[in-house]
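Enquirer: Could you look at this predicted model? Sequence included:
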Amino acid sequence: MEPVSSWLTVATLVLALHLNTEALEVTSTGPQTIQKAQWETVKLGCTYTPGPGDTGELDIEWSIVSQDMTQKDKLILSYVGGQTHQFGDPNLYKRIQFTGDPAQGDASIAISNLRVSDTATYQCKVKKVPGVDTRKITLVVMVPPSSPKCWVEGSEEKGGMVSLRCKSYVGSTPLNYVWTREGGQPIPPTAVQNLETGELLIKNHTDGNVGTYVCMAKNAVGEGQCKYALHAYNPTNKTGVIVGAVIGAILLLLLLLLLIWLLICCCHKRRYEKEVANEIKEDVQAPESRPTSRNSSLRSVLGYRTHAGVHYNAVRKDQPSRNGSGRSAIYTGGSPQPTSPSEKPPITYDHRFGYPV
């Protein structure tokens, strides 16, 4: 009995190993990590071969593996019972489709118009009871570098150091910069390249370094380039530049002082003119009344007009005395009558002045 039981155990193990060897298997090969440029299309392969004992219903699932092990994976596409079902974000599943017939052993998918947000680890899971197998593919979507900008820092004088710079402002990291010389000429032996910053530092610049230099910016999905024509100039006379700068500064200072002096003189002149004008106003006397104005006032009071060649009696404060008949003396136009010594001489009217004199 013992030999028979031993043979049964061995047969069971052989059968189990045979069935396990013939079980369902995902047969796709290729890199586990794929790097693609933005807006391109990528194919994620997942071909499979079912085993002879896999007689259950075919179930294919594509999902995004969660980076957090405590979270479930995100299902995005499935094939069950001959039907395709899409899940999750419409902006993603509308760009995903099977590339072949899932029922015939090809569960590969394609993702079009790739975006940086599509970067993730995708898992293909094929089940056909009792067989099951999976495959994971990491997709990295990158932005290719833009055409870089080339420039030089500092002067291009002979004997000095020249720093050629190269920078691409758009592109996924890591970015590498490589300087070459156009025409196949070698880079100067005194030059040092920095692949990360894009600097080409040339020491002891000479005429032999003159030429066109090309900078290539590249990452895993693209590249861009720019060119710079390097020259070699004779050193400038630094002593003359310094002397000229000092002289210019002195002249500028003198000009500034001259302007300040002129401004002060102008202010003093205006102040002096104002003081003189004020002194003149204080010294001027009030104008006297004009004789003509007095004459006009007198005529307006007396109410009569003067006539040339006619003599008038003096106007007195005291009225002339009446004669015995009670009549006042009347001027007849003849020669003036003599007066007594006690009386004042008569006042005549001078037409030249317009008032009695």
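Expert: Cool, the structure landed.
Enquirer: quick one, helices of this protein?
Expert: 2-21, 90-93, 238-283, 291-302 (DSSP state H).
Enquirer: By mean pLDDT, show me the worst of the ones you listed.
Expert: With a mean of 47, helix 2-21 has the lowest mean pLDDT of the helices of the chain.
Enquirer: Sheet-wise, list the partners of the top strand by length along the chain with their directions.
Expert: Ranked by residue count under DSSP state E, the longest strand found in the chain is strand 131-142. Paired neighbours of strand 131-142 in the sheet (DSSP bridges): strand 33-37 (parallel), strand 120-128 (antiparallel).
Enquirer: can you give me how far it is from the chain middle?
Expert: Centre-to-centre, strand 131-142 and its host chain are 45 Å apart (Cα atoms, centre = their mean, to the nearest Å).
Enquirer: and W179, which of the strands paired with strand 131-142 is closest to it?
Expert: W179 lies closest to strand 33-37 among those, at 24.0 Å (Cβ to Cβ). From N, CA and C alone the C-beta is placed, and that goes for glycine too.
Enquirer: Roughly how far does Q97 sit from L164?
Expert: Note on Q97: its distance to L164, by Cβ to Cβ, to the nearest Å, is 48 Å.
Enquirer: swap in L75?
Expert: 52 Å.
Enquirer: ok, now which ones touch G131?
Expert: A23, L24, E25, P50, G51, G53, D54 (Cβ atoms under 8 Å, 6 or more residues apart in numbering).
Enquirer: can you pull the pLDDT of it?
Expert: On the pLDDT scale, G131 gets 92.
Enquirer: Please report the distance of E156 from N234.
Expert: Relative to N234, E156 is positioned 10 Å away (Cβ to Cβ).
Enquirer: Looking at these two, which is more packed in?
Expert: Between E156 and N234, E156 has the larger neighbour count (other Cβ atoms under 10 Å), namely 16 against 8.
Enquirer: So for that one, what's the nearest residue that isn't a sequence neighbour?
Expert: Spatial nearest neighbour of E156, excluding adjacent residues (Cβ to Cβ, 6 or more residues apart in numbering): H231 at 5.1 Å.
Enquirer: so the one you found touches V210, yeah?
Expert: Yes - the criterion here is Cβ atoms under 8 Å, and H231 meets it with V210 at 6.0 Å.
Enquirer: follow-up on the earlier one: so what's the residue count around the residue nearest to E156?
Expert: Here the number of neighbours of H231 (other Cβ under 10 Å) works out to 14.
Enquirer: send the alpha carbons of stretch 65-80 over as PDB?
Expert: Extracted in PDB, the C-alpha atoms of stretch 65-80 (Å, rounded to 0.1, in the frame of the first residue of the first chain):
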ATOM      1  CA  VAL A  65      -2.200  52.100  -9.300                       C
ATOM      2  CA  SER A  66      -2.500  54.300  -6.200                       C
ATOM      3  CA  GLN A  67       0.700  55.600  -4.700                       C
ATOM      4  CA  ASP A  68      -0.900  55.300  -1.300                       C
ATOM      5  CA  MET A  69      -1.000  51.600  -0.400                       C
ATOM      6  CA  THR A  70      -4.000  52.200   1.800                       C
ATOM      7  CA  GLN A  71      -6.100  53.500  -1.100                       C
ATOM      8  CA  LYS A  72      -7.700  51.400  -3.900                       C
ATOM      9  CA  ASP A  73      -6.500  51.500  -7.400                       C
ATOM     10  CA  LYS A  74      -8.600  53.700  -9.800                       C
ATOM     11  CA  LEU A  75     -10.400  51.600 -12.500                       C
ATOM     12  CA  ILE A  76     -10.400  53.300 -15.900                       C
ATOM     13  CA  LEU A  77     -11.300  50.600 -18.500                       C
ATOM     14  CA  SER A  78     -12.700  47.100 -18.500                       C
ATOM     15  CA  TYR A  79     -13.800  44.400 -20.800                       C
ATOM     16  CA  VAL A  80     -16.400  42.000 -19.500                       C
END
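Enquirer: Okay, buried residues for that stretch please.
Expert: V65, L75, I76, L77, S78, Y79 (16 or more other Cβ atoms under 10 Å).
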